[in-house]
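Chemist: Let me see the structure of the following:
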Amino acid sequence: MLRNSNKLIKSVIKNESTLLKSKNNNERIVNYSSSSTSITSGNGIYSQIKKIEEFISKKPSVTKVISSSATINFNTSKSSGSNTSTAVDYSKSVKIKDQKQIVLVKIGGGVIESDISSLIGSLNFLKKIGLFPIVVHGGGPQLNAELAAAGEPAEYVEGLRVTPPSVLAIAQRVFLRENLKIVEALESSGTKARPVTQGVYQATPLDPKLYGFVGNVTKIHTDALASCITNDYVPVISSLAMTPEGQVLNINADVAALELAKSINPLKILFINTTAGMKDGDGKVMQHIKLDEQYADLMKQPWVKHGTKLKLKEFKSCLDVLPPSTSITITSPDLLMKELFAKDGHGTTVERGEVMHSHESPSFDETKFFALIEKSTGSKGGRINYQQLKTDLSKGVVKAFVNSHYTAGILVRPLSSGSSVSYVDQFFFFNDSVQSTEDSESVFKKMFENSSYIWKESSTNQLNNEWFKKIATGFVATTGATNVFWTNVDTNKIESSVKECLSQTSTYLSGITTAASSKSASDKLLQDKSHKFRVGLIGARGFTGGNLVRLIDGHPNLELAIASSSTNFGKPVTTEFPQLKSNLKFDNVKPENIDIFTRDHGIDGWFMALPDKISSPYIQTLENSSESPVLVDLSSDHRFNEKWTYGQPETNRAAIKESKLIANPGCYATGMFLTLKPFVNDLVTPPSCFGISGYSGAGSKPSEKNDPTRLSDNILPYKLVQHTHELEVSHQLGSPIYFMPHVGQFFQGITLTISMELKYPMTKEQVVERYQKFYQNEPLIKIDKDGIPEVKSNSGKHTVTIGGFAVNGNHLVVVTTLDNLLKGAATQAIQNMNICLGLEELASIKNEL
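Modeler: Take a look at the predicted model:
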């Protein structure tokens, strides 16, 4: 394919030989093969427990450092607990200042060519919601055009571009040009960006005879990225690498992005292309790819070839070494917001998925399975006779099945001699969050779908019973305290099978265990409870939920124990909030079980982020129970209820401190209430309040009020009389107001222009003095005595700014701005919870002031 006379290629081949012989301590030979682990002593089991624990809760290597210093620190980054290992030397990982959550964005050349405006809007949107993009770009279409103009052929082998010296020279020029296009467009939009065209990737030649100057990444250098990130510049990286001797090599952009992802373990991996996903053989976008289940079949498909085959191989290679919850989203710039936040996106999500392995499978790891048992049962070292278990597995006395991550499994034995029905002796879950995952549910369903199984559970264990109903094809509540579940049992065998199931008086493990733990799951939860208060969030979706989750995550005294969302039940919380560093899974807390969740999870307080008129049944259940957590309700349901305390800390702090029922104020209402409160006794007529909110105030569910196209160069008035916030402020002030709300084309923030007729004339100085005295010790209330507050100046901040004072006799006009998602919702909810729990009011908030 290449001209053999090329001396440079010969030089590269020679250098490759030298490189392979001169590996130093900072480079390791590429080896992604799994390592087999034989059964060992108890220490081996506990070592595996630690590895699995680290793996499923692995934090991104870009971590938070709460510091005012601009210095970037580096530390060794290890990938523990994965079944695979990578030879690429990722010895440096970036530590950056608090609040920078990394998203890796790979941009296809077609997007740069045809849709750069939407692309820049998407990147700015990511920054707007608190995600910091690292961009890796391609340039395939542009390079092909340049090659055609130069009379050079565009050749590919298995999806990789053949790169002789003449192509490499053109590629360097094209990649620099496309890089600068992105950088300049970002800079023009107000986002600081830097070109990083070389210096990130170190590589050796992949196969010089076949590919020419194409590299195989062996090392990642993060120095340039660290410099960009600490100074708030978006790094835009070209897919070019260098050998240790300085020879430039071409790297496929997909490969480059995924190798970098392995290094920094970002919170989210986004592939932005023009097709808005990965298409199947019929040209339709595949919405979901689970590689553990589908990879082998996909690679056999006739339409999977060249670039598509390369993508799938690289996706699997990347996800195999990242935490199980990691996913890759393929979408277009226009659909990015919907793909990230809506229930049903229009791109492709690629994740590892789950499969069940039998103990007879060659890939079955006994030590990891025994570690799962040890962790799940709470047994201590030496109590379970694992050698006996190993023997019985080999003899078929019992059978074992486990998922690919070794976080969920079962032991199975015959229900009775000669029975075609298998008895599930015991379920094992590595921790409480694993059982509720959608993946665990689907993998057990798949395993059970063609075989007959039966098992039982105490009727008092409501959470287990609810989950078992989802994976079973039938169940019966017996007259005793036991429920029996089954899959695919013949109707004429159900009665006899249920009787045999109920006759099972002990588990297999109890027969080979010298002692057993007597602690219940809730006992263990409460015993492990640290100094932090445990809180739950119901309605954990959308923009306000995301800010609440973020503030709780950074709180020194609060721990998010439950995030409940009926639409996301079982999924990792990071699917809804990709900026969060957590392995928490969404639960489904219902009115009939909120008391059980409160008790079993030791919940000290609930944030109720539900739509209006939904929270009452939850509260009724808690009122009828012995549980009495703090309740902060973000809906309007209880803002008119005298039994509840109005949660406006700056004016009602003492009452909040003595209450456990807090009605969080509305977003517009917060701004209007704080502006009018100092003058409420001086009003002659109802004040008029004209407000414009960013479209995030309309929620993440698509509607005309959050449609950027409809809002472009536009504002939308709505509900111009009897708006909930008009009624709320009138009620809380004890004086009527008029309110005219509008939605603007900006994302977040509120501006209010409030006109008041006073009983007597005042000067501007007197007005400013009153506001300053009224809010003199309130750090979240800013009085701008000379300027006019602007939305963009207050967006993303926890404060309310009151200013723009205009006075004409007894006519006063005031302008107020606040962030609808923060002080208008999440910030105030955190303040209220802090006060109720006796914590510092601005804990988690003050770090961002």
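Chemist: Please enumerate the strands of the stretch 451-600 of the chain.
Modeler: Listed in chain order, the strands of the stretch 451-600 of the chain (DSSP state E, counting those that start in this stretch) span 453-458, 474-477, 482-487, 533-538, 558-564, 586-587.
Chemist: Return the most buried member of these.
Modeler: strand 586-587 (a mean of 26; mean count of other CB atoms under 10 Å). (C-beta placed from N, C-alpha, C; glycine too.)
Chemist: Next, name the residue at the spatial heart of the chain.
Modeler: Closest residue to the average C-alpha location of the chain: Thr574 at 1.7 Å, with CA atoms, centre = their mean.
Chemist: if I look at that residue, how far off is Val397?
Modeler: Distance of Thr574 to Val397, computed by CB to CB, to the nearest Å: 41 Å.
Chemist: Quick one: residues in contact with stretch 780-792.
Modeler: Residues from elsewhere that reach stretch 780-792 (CB atoms under 8 Å, 6 or more residues apart in numbering): 650, 674, 692, 694, 744, 746, 749-751, 768, 771-772, 775, 798-805, 815-817, 823, 827, 831, 842, 845, 849.
Chemist: where in the stretch 251-400 of the chain is pLDDT low?
Modeler: 324-325, 337-346, 354, 378-383 (pLDDT under 70).
Chemist: could you pull out the helices for it?
Modeler: 253-264, 291-300, 306-319, 336-341, 366-377, 386-395 (DSSP state H, counting those that start in this stretch).
Chemist: Looking at those helices, which one is packed in the most?
Modeler: Taking mean count of other CB under 10 Å, helix 253-264 is the most buried of the helices of the stretch 251-400 of the chain, at a mean of 25.
Chemist: Now do that helix and helix 306-319, the angle between them.
Modeler: Computed by axes from the mean of the first three to the mean of the last three CA atoms, to 10 degrees, the angle separating helix 253-264 from helix 306-319 equals 0 degrees.
Chemist: which strands and helices sit next to helix 253-264?
Modeler: In terms of contacts (3 or more CB pairs under 8 Å, 6 or more residues apart in numbering; DSSP states H and E), helix 253-264 is packed against strand 93-97, strand 101-107, strand 131-137, strand 201-205, strand 215-220, strand 268-272, helix 306-319.
Chemist: how about a cut-off of 6 Å?
Modeler: Where contact means 3 or more CB pairs under 6 Å, 6 or more residues apart in numbering; DSSP states H and E, helix 253-264 is packed against helix 306-319.
Chemist: Give the full set of residues in contact with Ala276.
Modeler: Thr331, Ser332, Leu335, Gly347 (CB atoms under 6 Å, 6 or more residues apart in numbering).
Chemist: Now render those residues as CSV, adding neighbour count and distance to Val217.
Modeler: Supplementary listing: these in CSV, determined by neighbours: other CB atoms under 10 Å; distance: CB to CB, whole Å:
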residue, neighbour count, distance to Val217
Thr331, 25, 25
Ser332, 22, 27
Leu335, 19, 30
Gly347, 25, 26
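Chemist: Relative to Asn144, which of those is nearest.
Modeler: Ser332 (20.7 Å; CB to CB).
Chemist: Which residue, other than its chain neighbours, is closest to that closest one?
Modeler: For Ser332, ignoring the flanking residues on the chain, the nearest one in space by CB to CB, 6 or more residues apart in numbering is Ala276 at 3.8 Å.
Chemist: what about the one you found, distance to Ile120?
Modeler: Ala276 is 17 Å from Ile120, by CB to CB.
Chemist: Any of the contacts of stretch 780-792 buried? List them.
Modeler: Neighbour-count burial (16 or more other CB atoms under 10 Å) is assigned, among the contacts of stretch 780-792, to 650, 674, 692, 694, 744, 746, 749-751, 768, 771, 775, 798-805, 815-817, 823, 827, 831, 842, 845.
Chemist: Remind me which helix or strand Val813 belongs to.
Modeler: strand 811-818 (DSSP states H and E).
Chemist: Can you tell me the strand partners of that strand and which way each runs?
Modeler: Here strand 811-818 has these sheet partners by DSSP bridges: strand 750-757 (antiparallel), strand 800-808 (antiparallel).
Chemist: Tell me the helix or strand right after the top helix by length along the chain.
Modeler: Secondary structure assigned by DSSP state H gives helix 165-188 as the longest helix of the chain. Toward the C-terminus, helix 165-188 is succeeded by strand 193-196 as the next helix or strand (DSSP H and E).
Chemist: Distance of Leu291 relative to Phe774?
Modeler: Counting by CB to CB, the gap from Leu291 to Phe774 is 59 Å.
Chemist: Can you add distance to Gly570 and give the helices of the stretch 251-400 of the chain back as TSV?
Modeler: Below are the helices of the stretch 251-400 of the chain laid out as TSV (distance: least, CB to CB, whole Å):
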stretch	distance to Gly570
helix 253-264	25
helix 291-300	16
helix 306-319	19
helix 336-341	18
helix 366-377	18
helix 386-395	30
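Chemist: just for the chain, where's the confidence low?
Modeler: In the chain (pLDDT under 70), the answer is 1-100, 324-325, 337-346, 354, 378-383, 431-440, 514-531, 579-581, 699-703.
Chemist: hang on, the earlier thing: any idea how far the longest helix of the chain is from the chain center?
Modeler: Distance of helix 165-188 from the chain centroid (CA atoms, centre = their mean, to the nearest Å) equals 32 Å.
Chemist: what separates Ile562 from Ala261, distance-wise?
Modeler: 30 Å.
Chemist: what's the answer for Val573, then?
Modeler: From Val573 to Ala261 the distance is 20 Å (CB to CB).
Chemist: got the strands of the stretch 451-600 of the chain as CSV, with distance to Pro789 columns?
Modeler: Listed next are those as CSV, based on distance: least, CB to CB, whole Å:
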stretch, distance to Pro789
strand 453-458, 58
strand 474-477, 60
strand 482-487, 60
strand 533-538, 31
strand 558-564, 31
strand 586-587, 37
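Chemist: Those strands: which one's closest to Ala669?
Modeler: Here strand 533-538 is closest among these (CB to CB), at 21.4 Å.
Chemist: quick check: angle from the closest one to strand 558-564?
Modeler: Using the same axes, to 10 degrees: strand 533-538 against strand 558-564 is 30 degrees.
Chemist: count of neighbours near Leu812?
Modeler: Taking other CB atoms under 10 Å as the criterion, the count of residues near Leu812 is 22.
Chemist: Check Thr491 too.
Modeler: 7.
Chemist: again with Trp606
Modeler: 27.
Chemist: In three-state terms, label it for me.
Modeler: strand (DSSP: H, G, I helix; E, B strand; the rest coil).
Chemist: Surely it and Gly536 touch.
Modeler: Yes. Taking contacts as CB atoms under 6 Å, Trp606 lies within contact range of Gly536: 4.9 Å.
Chemist: re the thing from before, who wins for proximity to Val402 among the helices of the stretch 251-400 of the chain?
Modeler: helix 366-377 (5.2 Å).
Chemist: What helices and strands are in contact with that closest one?
Modeler: helix 42-56, strand 422-429.
Chemist: any idea of the angle that helix forms with strand 422-429?
Modeler: Using the same axes, to 10 degrees: helix 366-377 against strand 422-429 is 80 degrees.
Chemist: how many degrees apart are helix 366-377 and helix 386-395 in direction?
Modeler: Going by the same axes, to 10 degrees, helix 366-377 makes 120 degrees with helix 386-395.
Chemist: would you put the C-alpha positions of helix 366-377 in PDB?
Modeler: Once non-C-alpha atoms are left out, helix 366-377 reads as follows in PDB (Å, rounded to 0.1, in the frame of the first residue of the first chain):
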ATOM      1  CA  GLU A 366     -13.800 -18.200  42.300                       C
ATOM      2  CA  THR A 367     -12.000 -15.700  44.600                       C
ATOM      3  CA  LYS A 368     -14.000 -12.800  43.400                       C
ATOM      4  CA  PHE A 369     -17.300 -14.800  43.800                       C
ATOM      5  CA  PHE A 370     -16.200 -15.800  47.300                       C
ATOM      6  CA  ALA A 371     -15.500 -12.100  48.000                       C
ATOM      7  CA  LEU A 372     -19.000 -11.200  46.900                       C
ATOM      8  CA  ILE A 373     -20.400 -13.800  49.300                       C
ATOM      9  CA  GLU A 374     -18.300 -12.500  52.100                       C
ATOM     10  CA  LYS A 375     -19.300  -8.900  51.500                       C
ATOM     11  CA  SER A 376     -23.000  -9.700  51.000                       C
ATOM     12  CA  THR A 377     -23.400 -12.000  54.100                       C
END
